[in-house]
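Novice: For reference, the sequence and a predicted model appear below.
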Amino acid sequence: MKKIFIFLLLMTSLQLFAQPSIGITAGLNLPWQHIKSELGNTNYHIYPSFNAGGIIDIPLSGKLSFQSYCLFSGKGARSSGPGWNNTTITHKLRFYYFELPLLINYAFIVSKSKILVGAGPSIAWGISGNDRLYTDNNLDFDFDCFENAFKRFDAGIFCQAAFRKKAIQASAFCNFGVTNIYNNDSPNLPPGIPPLFWKNSVVGISMAYFFKL
C-alpha cells in the first residue's frame, strides 16, 4: 500500500507539467471466479454485470501516459449442478466494488488516432453483494457476501487495449485477481470446510468520453 501511495503522489505531481484529460466511462463486465482447495480446482462461470465511473488520462511523454479509472464495478460468478431428486442446484454470487485501476499506456499513433496498450495494478473495496442458492427456481438462502464469507479487499492485474480518437475511447480489458477474497476465518462458516483460495477475474469492454479542460 505504501508503494501505491507513493505512485499516486508521483502521478498527481505530474499534473503540474502535463494537461490531463478527465471523462466518464461505462461498459460491460463478464466476470468469473476460480476456486482452489486441497480437494481440487473449481471454476464458477461468467455472470454478466457492468462498470461505470470516471477516467483520467495524464500524458507522460509523446507515447506514454498514466490512466486511471474510478469505477463502480460488478463482479461475481454462477455455478449449476444436479441436486437431489432430479433437481438443479444453482449458486449465484454478485459483488459490487469501488475499483481503482492504475495503468501505464503506450500509444501507437495511427493517423490522428491512438491505439493504446496498457497494464498496471488494480485495487478494489467491496461495497455490497449477495450470495444466493437456488433449488430449481426456489430460493434456499440469500446472504450478504461481505458479512458472511468474503473479504471486502480485492486486487488484480489490469490490462487493456484501447482505441482513442479525439474525445472518444473504446477499450477492451481483462482484470486477473491475485488476492484471496474468501475469508477462511469467518465464524459464519460451517465446520469441516477446507481452506479455499477464491479469486475474481473479469474481461469486458467500455466506452469513455473525455471533456475539454
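Specialist: Received it, and whenever you're ready, just let me know what you need.
Novice: mind checking the SS state of the residue of the chain positioned farthest from its centre?
Specialist: Going by C-alpha atoms, centre = their mean, the residue of the chain most distant from its centre is Asn85, 37.6 Å out. For Asn85, the secondary-structure state derived from DSSP: H, G, I helix; E, B strand; the rest coil is helix.
Novice: confidence score at it?
Specialist: Confidence at Asn85, expressed as pLDDT, is 82.
Novice: do the same with the one 3 residues further on
Specialist: Looking at Thr88, its pLDDT stands at 92.
Novice: could you pull out the strands for this protein?
Specialist: 21-37, 40-44, 49-59, 64-82, 88-110, 113-135, 138-144, 153-165, 168-177, 197-211 (DSSP state E).
Novice: Include distance to Ser186 and mean neighbour count when you put those strands into JSON lines, please.
Specialist: C-beta here means a position set from N, CA and C on the backbone, and glycine is covered the same way. Conversion of the strands of the chain to JSON lines gives the following (distance: least, C-beta to C-beta, whole Å; neighbours: other C-beta atoms under 10 Å):
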{"stretch": "strand 21-37", "distance to Ser186": "15", "mean neighbour count": "17"}
{"stretch": "strand 40-44", "distance to Ser186": "19", "mean neighbour count": "12"}
{"stretch": "strand 49-59", "distance to Ser186": "24", "mean neighbour count": "18"}
{"stretch": "strand 64-82", "distance to Ser186": "18", "mean neighbour count": "19"}
{"stretch": "strand 88-110", "distance to Ser186": "15", "mean neighbour count": "18"}
{"stretch": "strand 113-135", "distance to Ser186": "12", "mean neighbour count": "17"}
{"stretch": "strand 138-144", "distance to Ser186": "11", "mean neighbour count": "11"}
{"stretch": "strand 153-165", "distance to Ser186": "14", "mean neighbour count": "18"}
{"stretch": "strand 168-177", "distance to Ser186": "19", "mean neighbour count": "19"}
{"stretch": "strand 197-211", "distance to Ser186": "12", "mean neighbour count": "19"}
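Novice: Same list (those strands) but as CSV, adding distance to Asn188.
Specialist: Listed next are these as CSV, based on distance: least, C-beta to C-beta, whole Å:
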stretch, distance to Asn188
strand 21-37, 18
strand 40-44, 20
strand 49-59, 25
strand 64-82, 19
strand 88-110, 15
strand 113-135, 11
strand 138-144, 8
strand 153-165, 18
strand 168-177, 22
strand 197-211, 15
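Novice: For Asn183, which of those strands is the nearest?
Specialist: Closest approach to Asn183 among the strands of the chain is made by strand 197-211 (9.3 Å; C-beta to C-beta).
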